[in-house]
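> Predicted model and sequence follow; I will ask about them next.
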Protein chains: 2
Amino acid sequence: MLSRSNVNYEGRKPRRVANSNAAVAHLPTFEPAKITPRGPQPMDDGGLPPFSFVSLDMCQSENNVNHRTSVYLHKRLVVRRGHEFFLKITFSSQYIEHTHKFEVEFTIGESPDSNEGTHIVLEFALGEINGPWACRVVENVGNTVKIGITPSPDCIVGKFHTYVVVDAWDGRHRSPIDENSIIYILFNAWCSDDDVSLPDESQRTAYIMADSGVVYTGQAEQFSARPWEFGQFEQNILDYCIDILDDSKMSLYNRGNVIQVTRKVSALVNSQDDYGILEGKWRGSYAMGTAPTAWTSSVDILEKYATTKSPVCYAQCWVYACVFNTIMRCLGIPCRVVTNFCSAHDNTGNLKTDIVIDENGRMLKERCKDSIWNYHCWNEGYMKRGDLPVGFDGWQILDATPQETSEGIYCCGPAPVKAIKAGLLCYPFDARFIFAEVNSNIHYHLLKPNGTTEMIHIDKTYVGRLILTQDVIPNAAKDITNDYKPLEGKTPKISPP
Amino acid sequence: MLSRSNVNYEGRKPRRVANSNAAVAHLPTFEPAKITPRGPQPMDDGGLPPFSFVSLDMCQSENNVNHRTSVYLHKRLVVRRGHEFFLKITFSSQYIEHTHKFEVEFTIGESPDSNEGTHIVLEFALGEINGPWACRVVENVGNTVKIGITPSPDCIVGKFHTYVVVDAWDGRHRSPIDENSIIYILFNAWCSDDDVSLPDESQRTAYIMADSGVVYTGQAEQFSARPWEFGQFEQNILDYCIDILDDSKMSLYNRGNVIQVTRKVSALVNSQDDYGILEGKWRGSYAMGTAPTAWTSSVDILEKYATTKSPVCYAQCWVYACVFNTIMRCLGIPCRVVTNFCSAHDNTGNLKTDIVIDENGRMLKERCKDSIWNYHCWNEGYMKRGDLPVGFDGWQILDATPQETSEGIYCCGPAPVKAIKAGLLCYPFDARFIFAEVNSNIHYHLLKPNGTTEMIHIDKTYVGRLILTQDVIPNAAKDITNDYKPLEGKTPKISPP
């Protein structure tokens, strides 16, 4: 018998896929020219002083202001993609255009590859050039060149190493690897070409920059606001977010795709399948951990997970949603916590909530697969849906609470809020399940003595009676029920049925 | 620190979901009436002889002919859903309509529930009734009643236990559990209401009933036909197919849904993720197992997997496809093996096949994520797609070879062939990847000395140049290239891009 450890779990991929920011490619500091020029070698470059790399200044304070990243308590440069940032390179002599050739390189992961966006080479031989990443010389004073670099608005989000390469007659001289030259590149809601582009500044302030807020809980008739510290800019949080994606082995190639990143994070926030951040508990004692109601900050949870590398105990829906919110805002993705009051849980996928009762009208819990929660929290992330036909950009539902497996994994979304309202449930991801949460009818079944049931009543208005999120106006709740469903009584035509 | 074993891997489902045909509910043989009638008890039923269950005849030979299941080498009754089968029940006295009350019950799994289709109760009190499952009395001769039962055309596919219940004055008397009364219910391509309905008899013969065939391999210019024994009717194969689904913990509730069943089986045929049937190997030595080219029969492979419960070594694409074909046909789903010559493998999901070459035109394998196989085999299953807008019923691509993870699991499809041809890639499942296999352009990139690449040539015709399957005419290949793509040169407009 073949033992489990002998089994080769890779598919037929021709090569391994880079999946970690932490794994670093070691590029040589010198690559000799392939053909050594014959004859007398231009040792002194025709009388010019030698031109070689001396130092790199990341212009952190200037870039931080331009990129609205001063808030991050992080010692490295943090920028948003699709927007220019500046670097100052000091050489051993003044840079002379058309004579000197240098390149700025960015790499991420263990196997930099320009076809995959993990190796970016910007050539400064010919002055300004435009590619997926744009670059230009901004200033050339003394021995220092100030350059402007605009990462492409769909580039990988993560931790890049920066190198300066001088092309000399004998080969390419690369600056040594240097921790100080690491750049963190984030999603950019301020950039119209970024898939997370959010045009309204008050929304950007509320849904990316706000690092604390409230979650609505309780009953639809009398809800309360539970305060929460998202803390996305706190010390180490950005590194934790990147580590979590690295630990999941998500390929770097997909890390710039907001649809894939948000779906992946919705799986990683719960401990199911992937040994993720939070362990849920809805019954029994919380003595082995912290009661879900005792948490008030994502920072404590992420700190604990980073230290122990074990799921943190215990969460319920709002805890999952708040930690998810922190990771999204930290990566630069507009995100908010949403509460659905009277939230149905359609275990059976039939878009109905089936409740079985006895002849006295008592609910028979052991016969009911489906259930209704007094409230359930999830998130909305703002993004374009280039994978769908036109019309589904905007807020997308994402739910990190482990309710049902989606394609074998506990994750949920992104699903366009507009598709839920229109009843268009064939578009990915998980629209049917979410539709039932806000819009399913409750079918009451009477259990008969021979074990069969008879449907005796349908309630069309109970489920999803109020859906709230925090408004852009501080301390105000925003009723978004009508974003999810037509006015009550009008059930959308479901397509396909 | 919390150890891994302490982690509770269930979501917040209120109860456990039945997922095994093997787990049997033990129903009581007597359920007393809730209110015992007062006064003199009708011990002799008003002078009539006692009416109780004696025996059940599964009418196997008659049903086997009507259901085209005589071919299964199986000692139990095998029927197809949506089509009437007969049972003969012998009682202790003659059945008198309106006086005697009996029921026929079918259960599957450990927790029979009428809301989930795992508990079917057919009442014969009032003669013929119609529900999702229809039933009628066909004959009433002596003490034996012949009944006709038509399972609903969307019922669960699997192994049902049959019980006869007599409703008497004192309560319900149920026949004891009996291995001989097990019924296997399959998908039914002959039934127009079944999602696998296939109207053409020659196609049903070729794609459900044929238990051997060929797979096309080699080169497009000179392909060869490799013979294969599918063996779906052989001893034990039906039980193995059900066991494989049971081992995967797929909920019984979804076992009647052909979309979910086929997608699940596409994951289970490869060993990745789920310790499935076949272990792939494309390089190196096959000494630790059987070379992929040495297999000629699915039966040997399924036997070996059932005995060892370990992945069978080794497979390549046609082996995966042939085993998948066996399981589909065994369960009653129309299925065929398809070969795509010059099949692209778009690892990067960009719908292009990127090939990097050096200045001498040599392919640089270590720089190419994407690749092109001289041929690749997958399957097509025939089914309705009620989850999609109108227009996508028919053949669906399913691929059990572990190439890329789909939603974190190595599985692929079902994807409508019509959607691939129309370039409509937003519909589930995995249409983008399959589109690239048959229709991507090859982009040749020249590697430059500084590590960047330049695109120098696009080849639009090489990939997917011929797609073949076995025809309904014996020993003939059917060219289905034009089912997948417009005539060469015309690339479909991809939507979304």
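Looks like it arrived, so ask away. It should be emphasised that the depicted structure is a prediction, and the values quoted were computed from it without experimental measurement.
> got the contact list for the spatially closest residue to residue A:220 that is not a sequence neighbour?
Counting by Cβ to Cβ, 6 or more residues apart in numbering or on different chains, residue A:220 lies nearest to residue A:341, which is 3.7 Å off, once chain neighbours are set aside. All C-beta atoms are positioned from the backbone trio N, CA, C, and that covers glycine. When contacts are counted by Cβ atoms under 8 Å, 6 or more residues apart in numbering or on different chains, residue A:341 touches A:219, A:220, A:223, A:374, A:375, A:464, A:465, A:466, A:467, A:468.
> just residue A:396 next, same as before
For residue A:396, the contacting residues are A:262, A:380, A:381, A:382, A:383, A:385, A:413, A:414, A:415, A:416, A:417, by Cβ under 8 Å, 6+ apart.
> Now name the helix or strand holding the fourth one.
Right, residue A:382. Element membership for residue A:382, per DSSP states H and E: strand A:371-383.
> now for that strand, which elements pack on it?
Packing partners of strand A:371-383 (3 or more Cβ pairs under 8 Å, 6 or more residues apart in numbering or on different chains; DSSP states H and E): strand A:212-218, helix A:258-268, helix A:317-331, strand A:335-345, strand A:352-357, strand A:394-398.
> Quickly, which of the ones you listed bottoms out on average pLDDT?
Among the helices and strands packed on strand A:371-383, strand A:352-357 carries the lowest mean pLDDT, at a mean of 86.
> and that one, does that touch chain B?
Yes. Residues of strand A:352-357 contacting chain B under Cβ under 8 Å from any Cβ of the partner chain: A:354, A:356.
> Report all helices and strands that that strand contacts.
Partner elements for strand A:352-357 (3+ Cβ pairs under 8 Å, 6+ apart): strand A:371-383, strand A:441-447.
> looking at the sheet around the closest residue to residue A:124 other than its chain neighbours, what are its partners?
Excluding the flanking residues, the one nearest residue A:124 by Cβ to Cβ, 6+ apart is residue A:102, at 5.2 Å. Beta-bridge pairing for residue A:102 (DSSP bridges): residue A:166.
> Test my guess that residue A:102 contacts residue A:168.
No. With contacts counted by Cβ atoms under 8 Å, residue A:102 stays clear of residue A:168, the gap being 9.7 Å.
> More neighbours: which of the two?
residue A:102 (24 against 18; other Cβ atoms under 10 Å in any protein chain shown).
> quick one: pLDDT of the more buried one?
In this model, residue A:102 carries a pLDDT of 94.
> got it, and residue A:248?
Reading off the model, residue A:248 has pLDDT 89.
> Burial check on it, number of neighbours?
Neighbour tally, residue A:248, other Cβ under 10 Å: 18.
> Then residue A:487?
A count of neighbours around residue A:487, defined by other Cβ under 10 Å, yields 7.
> again with residue A:312
Residue A:312, neighbours per other Cβ under 10 Å, totals 24.
> same deal with residue A:85?
The local packing of residue A:85 (other Cβ under 10 Å) involves 25 other residues.
> for it, what are its contacts?
Residue A:85 sits next to A:59, A:63, A:66, A:67, A:77, A:79, A:148, A:149, A:150, A:183 when contact means Cβ under 8 Å, 6+ apart.
> Show me what it bridges to in the sheet.
residue A:149.
> sorry, back to before: looking at the helices and strands packed on strand A:371-383, which is buried most?
helix A:317-331 (a mean of 28; mean count of other Cβ atoms under 10 Å in any protein chain shown).
> check contacts around the nearest residue to residue A:101 once chain neighbours are set aside.
Leaving aside its chain neighbours, residue A:101 sits nearest to residue A:167 (3.8 Å; criterion: Cβ to Cβ, 6+ apart). For residue A:167, the contact set (Cβ under 8 Å, 6+ apart) comprises A:101, A:102, A:103, A:125, B:450.
> So in chain A, where's the weakest helix or strand by average pLDDT?
One helix or strand of chain A scores below all others by mean pLDDT, DSSP states H and E: strand A:129-130, with a mean of 64.
> Is the next helix or strand after it in proximity to chain B?
Following strand A:129-130 in sequence order, the next helix or strand is strand A:134-141 (DSSP H and E). No. If you take Cβ under 8 Å from any Cβ as the test, strand A:134-141 misses chain B, and the best it gets is 13.4 Å.
> Now do stretch A:207-219: distance to the chain's middle.
18 Å (Cα atoms, centre = their mean, to the nearest Å).
> Now do the phi/psi pair for residue A:66.
phi -60, psi -30 (degrees, to the nearest 10).
> thinking again about what came up before, now render the contacts of residue A:85 as TSV, adding pLDDT.
What follows is those, written out as TSV (pLDDT from 0 to 100):
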residue	pLDDT
A:59	97
A:63	98
A:66	97
A:67	98
A:77	97
A:79	98
A:148	96
A:149	96
A:150	96
A:183	98
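> Buried ones among the contacts of residue A:396?
Neighbour counting by 16 or more other Cβ atoms under 10 Å in any protein chain shown classes A:262, A:380, A:381, A:382, A:383, A:385, A:413, A:414, A:415, A:416, A:417 among the contacts of residue A:396 as buried.
> Next up, the contacts around residue A:70.
A:61, A:64.
> same thing but at 7 Å, please
Listed by Cβ atoms under 7 Å, 6 or more residues apart in numbering or on different chains, the contact partners of residue A:70 are residue A:64.
> How much space separates it from residue B:277?
56 Å (Cβ to Cβ, to the nearest Å).
> same question, residue A:326
Going from residue A:326 to residue B:277 by Cβ to Cβ gives 42 Å.
> ok, residue A:377 touching residue A:321?
Yes. Contact criterion Cβ atoms under 7 Å: residue A:377 and residue A:321 qualify, at 4.1 Å.
> Find residues that contact each of the two.
A:215, A:337.
> Bridged to the nearest residue to residue A:457 once chain neighbours are set aside, which residues?
Nearest residue to residue A:457 in three dimensions, chain neighbours excluded: residue A:444, at 4.2 Å (Cβ to Cβ, 6+ apart). In this structure, residue A:444 bridges to residue A:355, residue A:457 when assessed by DSSP bridges.
> what number of residues lie near residue A:444?
Count around residue A:444 with other Cβ under 10 Å applied: 18.
> what's near enough to touch residue A:476?
Residue A:476 neighbours (Cβ under 7 Å, 6+ apart): none.
> closest one to residue A:409 among the helices and strands packed on strand A:371-383?
Of all the helices and strands packed on strand A:371-383, helix A:258-268 sits nearest to residue A:409, with 5.1 Å by Cβ to Cβ.
> Contacts for the closest one, please.
Against helix A:258-268 from outside (Cβ under 7 Å, 6+ apart): A:187, A:195-196, A:244-245, A:248, A:250, A:254-255, A:273-274, A:276-277, A:324, A:327-328, A:333, A:381, A:383, A:387, A:398-400, A:409-414, A:429.
> Where do the helices of chain A begin and end?
A:60-66, A:201-204, A:237-247, A:258-268, A:298-308, A:317-331, A:417-422, A:431-439, A:481-484 (DSSP state H).
> related to what we said a few turns ago, how much space separates the residue nearest to residue A:457 from residue B:253?
Counting by Cβ to Cβ - residue A:444 and residue B:253 are separated by 20 Å.
> Kindly report the same for residue A:284.
Distance from residue A:284 to residue B:253, by Cβ to Cβ: 27 Å.
> If you count surrounding residues, which of the two has more?
With neighbours defined as other Cβ under 10 Å, residue A:284 and residue B:253 compare such that residue B:253 has more, 23 against 9.
> Show the end-to-end separation of stretch A:448-463, please.
From its first residue to its last, stretch A:448-463 covers 26 Å (Cα to Cα, to the nearest Å).
> just stretch A:321-339 next, same as before
10 Å.
> ditto for stretch A:160-179
First-to-last residue span, stretch A:160-179, Cα to Cα: 10 Å.
> buried ones in it?
Buried residues in stretch A:160-179 (16+ other Cβ under 10 Å): A:160-168, A:171-175, A:177.
> what do you get for stretch A:292-305?
Across stretch A:292-305, burial judged by 16+ other Cβ under 10 Å covers A:292, A:295, A:297, A:298, A:299, A:301, A:302, A:303, A:304, A:305.
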